[in-house]
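Q: Sharing a sequence plus its predicted fold:
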Protein chains: 2
Amino acid sequence: MKATINDVAKQAGVSIKTVSRVMNNESSVRQLTREKVMEAVNALHYQPNLAARNLAGTKAYSIAFIYDNPNAYYVIDMQNGILAACKQQGFELLIHPCQAKSEHVLDEIADMVRKTRVAGLVLTPPFSEMPEFVQKIIDLDVDVVRIMSGDVAPDELAPCIMVNDHAASVSITQHLIDLGHKNIAFIGGEAAHMSTVERLRGYKQALTDNDIAIDERLIIDGEYSFESGVHGAKQVMSEDVRPTAIFSCNDEIAAGSLFAARLMGISIPDQLSIAGFENSPFSRQTWPRLTTANQPNQKIAEDAANLLIAKSRKQTAQNSVRHYTPQLIVRDSTGKSH
Amino acid sequence: MKATINDVAKQAGVSIKTVSRVMNNESSVRQLTREKVMEAVNALHYQPNLAARNLAGTKAYSIAFIYDNPNAYYVIDMQNGILAACKQQGFELLIHPCQAKSEHVLDEIADMVRKTRVAGLVLTPPFSEMPEFVQKIIDLDVDVVRIMSGDVAPDELAPCIMVNDHAASVSITQHLIDLGHKNIAFIGGEAAHMSTVERLRGYKQALTDNDIAIDERLIIDGEYSFESGVHGAKQVMSEDVRPTAIFSCNDEIAAGSLFAARLMGISIPDQLSIAGFENSPFSRQTWPRLTTANQPNQKIAEDAANLLIAKSRKQTAQNSVRHYTPQLIVRDSTGKSH
DNA sequence: AATGAAATTGACAGCGTTGTCATTATCAAA
DNA sequence: TTTGATAATGACAACGCTGTCAATTTCATT
């Protein structure tokens, strides 16, 4: 049923090694020979056995995706991006959700690496933002690419894909300011996440740039969840200085804020503007639809995977850095301040 | 860095075959020997090389997940379920999103199978509901488990996990009827999906059981999407016989219906009750929160994966069938008919 | 202590590739 | 035509494990 390289070699009248050369796109094969081989390959539906390749060779044929994130949209986007790169390059993808808090994370990853030879790991927050963790992974002798928040790479440990949350956050806040808002609240995600830190920094920067005083009472700590958005909005809307706009740190929080506003009989965007962040599908499925910033997760992940694959092929040690800035998308949840 | 079976054998003072026996939990190893070996295994952090195992042995150490579904919550749930089973059994998971409409689906899957030896494939709709497709996969000599809608398995091709959408749909419709509704609309998903068919069948059955006439004008074809829900609700609410309740075929459609109702100034649930199906996270994140039926996707997927793993281990040909019935969850989007 | 069956262990080949190195073909220049 | 350099090809040994089958040990019985 499954053809082996031997079958192909016989059928094409060449040695196994020549078939191997063709399958690996090596240059030193005559055009004629190459065609003969490909003909046999197609006729027999030959696919090189991955296990044998892994065992015999030194190249890798798969990459792993490490994450700890409850956000389905985020994970799926990332995954699809990585898969796109994998498909194009003939790689397989291994999925590894982990508990960042667990003491065994590193052991788990180490075990996985010991048994499966991967071209490298795609790390997302919070893993990508833990330098000691990244270092330990590298000590395992695996390549790594980090997707993280920031405008400059924090170190030279490994290639980075930087998401400029700061700049995007300035855009959103500026958008609210342009609509005439002065009392703008900020509902954050987990304070330990760089994305929260960076978005908060952007928010403050925009206020400062426009000579608006920063009011700490309008800045709420939270988590990246709907519930947290409900909670945060309730809290902030019962402050003495009632805000006329809320910048929620992601779309889920924004959806929660929307929910809370509804509970409190506050109409959006007439009495209160709400902005999210991420442009996840449901930012289009709330009522009203959310103003947000588009974070191109799929592209980012594809980029990351390609970086890893390229690095594994070229054996280059160069740590490239890529940059992405989420773009403002104005929808119906933000309006003029009255 | 990476310890091999040889290293362990030396350290433990036994042959590699004995180490192999221990790693595979074979019975004919003396307790003392087993302990010696395990000690060495732990000391060296030995993990059997997957590639070598695949190449040398006849067992499989991974399973594949085939799907074509734009619903992130669904995919993630399924995936997490499969991963849970995999983790427990030391299996790896290969993810394969496919375009059901593409002519190359089968070739893609065939290629994957030719190069990677898997214990089997987990098929979800629409793949699981295409008998010829399933047959062709089986002809490839791969095991398969199907997750699909229905109350009885349609054939003996492969093990099935049946989701009783019919019964669940009866519950939901009955719930609406119990609230006093008589004009109940039904907004369907893709007509080709068995889940749509089954849910429609349940809806009709409940009406019939309660001597309520079926009004075809209240039955709308659609897709499993938010937009389709918006569309369907607008359409059905402009009929002569305005319904007092809408049963949307899944939560996304229900969210869309909610959105449309809001656009039309219809208050939920006072003027209109809306029910969804699936209990996806955002059924809790709409306003008001959706009455729905809980489809335990994660459990279902875990079950499927375990079936596959067990089958691959025991070489048993028995095609087991499992059943799940989604349970009604009453929230705030449905209320008494006035 | 001797016997034999059952339990335990090991030697060795082979899984389907790739890496290394040797061999053969090719072709421009002498 | 011969030569030498280079391009193409092939032979063969790994890679790290499991399957097969043979060898050894164990232990209850004689």
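A: Perfect, I can see it now. Residues are numbered from 1 along each chain as shown, chains lettered A, B, ... in the order given.
Q: separation between the residue nearest to A:Ser337 when sequence neighbours are not counted and DNA strand D?
A: Among residues not flanking A:Ser337 along the chain, A:Gly180 sits closest, at 3.6 Å (Cβ to Cβ, 6 or more residues apart in numbering or on different chains). In short, each C-beta sits where N, CA and C put it, glycine included. As judged by Cβ to the nearest atom of the strand, to the nearest Å, A:Gly180 and DNA strand D stand 67 Å apart.
Q: Pop out the phi and psi values for A:Gly180.
A: Per-residue torsions, A:Gly180: phi 100, psi 0 (degrees, to the nearest 10).
Q: Would you mind listing what in the stretch 101-250 of chain A touches chain B?
A: Where the stretch 101-250 of chain A comes near chain B, counting by Cβ under 8 Å from any Cβ of the partner chain, the residues are A:Ala110, A:Asp111, A:Arg114, A:Lys115, A:Thr116, A:Arg117, A:Asp141, A:Phe226.
Q: Tell me how chain A divides into domains.
A: The record's domain parsing of chain A by automatic domain parsing lists A:5-48, A:62-163+A:297-324, A:165-295.
Q: Let's see which of the residues of the stretch 101-250 of chain A next to chain B end up in helices.
A: Among these, the members found in helices (DSSP state H) are A:Ala110, A:Asp111, A:Arg114, A:Lys115, A:Thr116, A:Phe226.
Q: And the buried ones among the residues you listed, selectable in PyMOL?
A: Here is the PyMOL command that selects only those of these that count as buried (16 or more other Cβ atoms under 10 Å in any protein chain shown):
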select buried, chain A and resi 110+114+115+116+226
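Q: Next, A:Gly189: secondary structure please.
A: coil (DSSP: H, G, I helix; E, B strand; the rest coil).
Q: give me the number of residues near it?
A: 24 (other Cβ atoms under 10 Å in any protein chain shown).
Q: Quick one: the ones in helices among the residues of the stretch 101-250 of chain A next to chain B as CSV, columns for pLDDT and distance to DNA strand D too.
A: Listed next are those as CSV, based on pLDDT from 0 to 100; distance: Cβ to the nearest atom of the strand, whole Å:
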residue, pLDDT, distance to DNA strand D
A:Ala110, 96, 15
A:Asp111, 96, 12
A:Arg114, 95, 9
A:Lys115, 95, 8
A:Thr116, 96, 11
A:Phe226, 93, 46
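Q: what angle sits between whichever strand or helix holds A:Ile76 and helix B:72-89?
A: Secondary structure assigned from DSSP states H and E places A:Ile76 in helix A:72-89. Helix A:72-89 runs at 70 degrees relative to helix B:72-89, counting by axes from the mean of the first three to the mean of the last three Cα atoms, to 10 degrees.
Q: For helix A:72-89, buried residues please.
A: Applying 16+ other Cβ under 10 Å to helix A:72-89 flags A:72-86, A:89 as buried.
Q: any idea which of these is closest to DNA strand C?
A: When the buried residues of helix A:72-89 are compared for distance to DNA strand C (Cβ to the nearest atom of the strand), A:Gln89 wins out at 14.2 Å.
Q: Please name the residues that touch the closest one.
A: Neighbouring residues of A:Gln89 by Cβ atoms under 8 Å, 6 or more residues apart in numbering or on different chains: A:Asn306, A:Ile309.
Q: That one and A:Leu308, how far apart?
A: Between A:Gln89 and A:Leu308 the computed distance is 10 Å (Cβ to Cβ, to the nearest Å).
Q: Please enumerate the shared neighbours of these two.
A: With Cβ under 8 Å, 6+ apart, A:Gln89 and A:Leu308 have no common neighbours.
Q: Pick out the residue of the stretch 101-250 of chain A closest to DNA strand C.
A: For the stretch 101-250 of chain A, Cβ to the nearest atom of the strand, closest residue to DNA strand C: A:Arg117, 12.0 Å.
Q: returning to that earlier point: burial-wise, tell me which of the domains of chain A comes out on top.
A: Burial of the domains of chain A is given as mean neighbour count (mean count of other Cβ atoms under 10 Å in any protein chain shown); domain A:165-295 ranks first at a mean of 21.
Q: so how far does that domain reach from one end to the other?
A: Length of domain A:165-295, first residue to last, Cα to Cα, to the nearest Å: 9 Å.
Q: Show me what A:Thr291 bridges to in the sheet.
A: Beta-bridge pairing for A:Thr291 (DSSP bridges): A:Ala275.
Q: mind listing what it touches?
A: With Cβ under 8 Å, 6+ apart, A:Thr291 has these contacts: A:172, A:175, A:273-276, A:328-334.
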